[in-house]
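Asker: Sequence plus the predicted model coming up.
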Amino acid sequence: MTAEGAATVLVAHPDPDVRELVARVAEGAGHRVVRLDSPAPATVVDTSVDSLALAVILDTQATALHELTSITEAFSTRGYPAGVIALVDGEATRDWCLANGVQRVLQRPFHERDLVQAIQMVLDPDLAEPDPEPEEATPRVMPIGVGHAFTDILRMGRQL
């Protein structure tokens, strides 16, 4: 850690514009950033360990899903405490990443404060929020007049 609450963050992306944008957000949050133009697993892992990076930001547009798994497995095998943040495009990719060792996932589009919050949650897992309840577990209130008349009467009684 460089200062109070600051850490080293590795940003790996072949596109210099994307890499710089993400790096500036992390720097704006007070972190030291290591920029890497190759998201290859061996390069990411070795550079992370050498630079003592505790958060690694990868983009699924530039890093294959099996490479993300290789990176998370390498950190686990080495016992290195780096957390991986993935930038993804869809729910299926998000779910896959979370099931395969990625600590935080940001689905596009996202705000820069979401990226800062994801970095903080990787650095301090105690800050992480509990996973939201699945939508089907949350009861939905339906307005009166939707559905069968008998169910409307039952709902009116419950709402009184």
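Answerer: Happy to help now that I have it.

Asker: Now do the helices in the protein.
Answerer: 16-28, 41-51, 65-78, 91-99, 112-123, 149-159 (DSSP state H).

Asker: For the fourth one, give me every contacting residue.
Answerer: Read it as helix 91-99. 60, 65, 68, 86, 88, 105, 107 (C-beta atoms under 8 Å, 6 or more residues apart in numbering). The C-beta positions use only the backbone N, C-alpha and C, and glycine is treated the same way.

Asker: cool, and the first one?
Answerer: If you take C-beta under 8 Å, 6+ apart as the criterion, helix 16-28 is touched by 9, 11-13, 33, 35-37, 55, 57, 59, 62, 87, 112, 115-116, 119.

Asker: Can you select the buried ones from the residues you listed in PyMOL?
Answerer: Here is the PyMOL command that selects the buried residues among the contacts of helix 16-28 (16 or more other C-beta atoms under 10 Å):
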select buried, resi 9+11+12+13+33+36+55+57+59+62+87+115+116+119
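
Asker: Please flag which of the contacts of helix 16-28 sit within strands.
Answerer: 9, 11-12, 33, 35-36, 55, 57, 59, 87 (DSSP state E).

Asker: Let me know the closest of the residues you listed to residue 73.
Answerer: residue 12 (16.4 Å; C-beta to C-beta).

Asker: pLDDT score assigned to that closest one?
Answerer: For residue 12, the model assigns a pLDDT of 92.

Asker: From residue 34, how far off is it?
Answerer: 9 Å (C-beta to C-beta, to the nearest Å).

Asker: Between those two, which contacts overlap?
Answerer: residue 47.

Asker: Could you pull up the contacting residues of the residue nearest to residue 101 when sequence neighbours are not counted?
Answerer: Using C-beta to C-beta, 6 or more residues apart in numbering and skipping the chain neighbours, the partner closest in space to residue 101 is residue 72 (3.2 Å). Going by C-beta under 8 Å, 6+ apart, residue 72 touches 84, 100-102.

Asker: Just name the closest of the ones in strands among the contacts of helix 16-28 to residue 76, please.
Answerer: residue 55 (15.6 Å).

Asker: Contacts only, for that closest one.
Answerer: Going by C-beta under 8 Å, 6+ apart, residue 55 touches 7-10, 26, 31, 82-85, 119, 122-123.

Asker: 6 Å - rerun?
Answerer: 9, 83, 119, 122-123 (C-beta atoms under 6 Å, 6 or more residues apart in numbering).
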